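> Model the structure of this input:
(one chain, ligands or ions: 1)
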Amino acid sequence: MKLPSYREMLAALVAAPSVSSTDPALDQPNRPVIDLLAGWAESVGARVEIEPVDEARGKYNLLATLGEGESGLLLGGHVDTVPCDPDRWHSDPWRLREEGGRYYGLGATDMKGFFPLVLELMARVDAASLRRPLVLLATADEESTMAGARLLDGVRLPASHAVIGEPTDLAPVFMHKGIMMESLRLTGRSGHSSNPALGVNAIEGMHEVIGALLHWREQLAGKWSDERFEVPVPTLNLGVIHGGDNPNRICGECELQFDLRLLPGMDLAELERDLARLAADAVAGTGLKMELQPLFEGVPAHRADPDGELLQALVELSGRPAKSVAFGTEAPFLAGMGLEAVVFGPGSIDQAHQPDEYLEISRTEECRTVLAGVVERFCTRGPEAGRRAGHG
Ligand SMILES: [Zn+2]
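Residues are numbered from 1 along each chain as shown. Okay, here's the model as predicted:
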């Protein structure tokens with residue numbers, strides 16, 4: 001089978017809905033997208049493995065490998081999209097529209113537009129000339145829980161370097177912050193407001209907790225800072241508060257939700273422990289019950305080696321300096337498995353998660369050229385270059 005054109009592949013990928021959401025009413029299987037990619041990958045001679053992530057919900061990861069051996073180059077990312085409101089689009093979000101040098105469609109920029117480029121590269125290289133494998137990875141649920149990337153931990157990846165094709169405007173991205181989102185609930189006892197002794201006021205307790213959180217935020221900013229980020233310090237935002245129902249009733253229950261954006265080096269589990277201790281201390285002796293609950297599992301911050309071989313290759317080939325971004329990606333999960341992981345893709349984050357999401361066609365052409373150069377350096381060049389590109 002001949003590989004369809006870039007446009008045909010992107011149109012088919014966009015037409016296969018793959019919304020992921022923590023809201024079960026919006027969540028969709030990603031299997032149709034996985035099957036499309038698997039079919040194309042097989043047609044160019046790759047070995048295809050489909051790994052279940054959550055079969056009940058129809059979620060799968062795909063690994064397609066061309067060539068033999070270890071320490072190859074992995075190109076990939078997620079195939080799910082965010083939910084969308086078709087009424088806010090000027091055309092059907094699931095039908096690719098080409099206009100003014102752009103491809104419009106849900107997921108075009110974030111990040112279905114990356115996969116046809118990888119498949120084209122796979123079709124172009126002679127598998128026999130590969131010194132190291134070329135691997136396509138497609139994951140589930142990046143936009144909701146990162147379940148697909150979390151699952152990779154148990155999978156053997158024949159790669160030592162990874163390009164995650166998230167929208168970066170073709171700038172090589174080696175750093176991003178991590179994120180955790182928490183719910184903190186205080187339960188006291190309601191009672192008539194005329195006598196404070198009749199209850200335990202959860203809003204007053206929350207006042208203490210908020211004071212402690214803001215103090216902790218200052219301490220964190222004093223301890224952690226990296227000028228390479230637009231906002232150099234970790235941030236903590238108080239986003240939601242609910243409590244009480246009546247001015248003349250002692251508030252029996254109060255919930256606060258906040259997020260924390262952490263810098264590379266800050267550990268999710270350790271922060272979670274510090275938070276629990278700080279909140280418990282803030283309400284100690286008040287009789288309030290405190291529950292701290294993550295709203296999702298959290299995404300670690302990412303920092304790849306600034307002198308890393310893949311990063312340097314992408315800087316050279318793209319002509320753009322390495323930079324940091326403000327959004328989270330699957331890169332830290334691959335880095336956790338020992339791969340050098342760099343985020344680099346043709347889309348723009350400004351168009352991601354927006355009505356009328358689009359991808360500049362000229363960017364796909366530029367991306368194709370850069371990736372071809374990377375594949376040449378890491379997979380197909382002579383043995384000496386191959387050794388340089390490997391670990392060690
Ligand atoms: Zn994305």
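> Low-confidence ranges, the protein, go.
1, 382-392 (pLDDT under 70).
> who's in contact with whichever residue of the stretch 1-150 of the chain sits closest to the ion?
Proximity of the stretch 1-150 of the chain to the ion (CB to the ion) peaks at D110, 4.1 Å away. Yep, even glycine has a C-beta here, placed from its N, CA and C like the rest. By CB atoms under 8 Å, 6 or more residues apart in numbering, the contact set of D110 is 81-82, 166-167, 347, 349, 351-353, 357.
> one more time with 6 Å
For D110, the contact set (CB atoms under 6 Å, 6 or more residues apart in numbering) comprises 167, 347, 352.
> so L119 touches E42, yeah?
No. Using CB atoms under 6 Å, L119 is not in contact with E42; the gap is 10.7 Å.
> Between these two, point out the one with more neighbours.
Set L119 next to E42 and count neighbours by other CB atoms under 10 Å: L119 wins out with 23 against 13.
> Now do the SS call for that one.
helix (DSSP: H, G, I helix; E, B strand; the rest coil).
> And it, how close does it get to W40?
5 Å (CB to CB, to the nearest Å).
> next one: G345
19 Å.
> Ok, P294 next?
Distance, P294 to W40, by CB to CB: 38 Å.
> more crowded one of the two?
A count of neighbours by other CB under 10 Å puts W40 above the other of P294 and W40, at 26 against 13.
> Surely the more buried one is in a helix?
Yes. Judged by three-state DSSP, W40 forms part of a helix.
> In space, what's closest to P172 - neighbours in sequence excluded?
Of all residues not flanking P172 in the chain, L314 sits nearest, at 3.8 Å (CB to CB, 6 or more residues apart in numbering).
> mind checking which helix or strand that neighbour is in?
Assigned by DSSP states H and E, L314 belongs to helix 309-318.
> List the buried residues of that helix.
309-311, 313-315, 317-318 (16 or more other CB atoms under 10 Å).
> what does the domain assignment say about the protein?
Split into domains by automatic domain parsing, the chain comes to 6-176+301-389, 178-294.
> distance of the closest residue to I349 other than its chain neighbours from V173?
The shortest distance from I349 to any non-neighbouring residue, by CB to CB, 6+ apart, is to P167 (4.8 Å). Look at P167 and V173: by CB to CB, they are 10 Å apart.
> I'd say A64 and I50 touch.
No. Counting by CB under 6 Å, I50 is not a contact partner of A64; they are 9.5 Å apart.
> quick one, which of those two is more surrounded?
For A64 and I50, the more surrounded residue by other CB under 10 Å is A64, and the numbers stand at 25 against 16.
> who's the more buried one bridged to?
For A64, the beta-bridge partners under DSSP bridges are V48, L136.
> Contacts for stretch 369-384, please.
Contacts for stretch 369-384 (CB under 6 Å, 6+ apart): 73, 121, 129-130, 132, 134, 161, 313, 317-318, 389.
> What parts of the stretch 51-200 of the chain come near the ion?
110-111, 166 (CB under 5 Å from the ion).
> Just list the residues touching H78, thanks.
139, 142.
> what's near enough to touch the residue nearest to P172?
Here L314 is in contact with 172, 342, 344 (CB under 6 Å, 6+ apart).
> is it possible to export the residues you listed to JSON lines including secondary structure, neighbour count and distance to G69?
Listed next are the contacts of L314 as JSON lines, based on DSSP: H, G, I helix; E, B strand; the rest coil; neighbours: other CB atoms under 10 Å; distance: CB to CB, whole Å:
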{"residue": "P172", "secondary structure": "coil", "neighbour count": "25", "distance to G69": "25"}
{"residue": "V342", "secondary structure": "strand", "neighbour count": "29", "distance to G69": "21"}
{"residue": "F344", "secondary structure": "coil", "neighbour count": "30", "distance to G69": "24"}
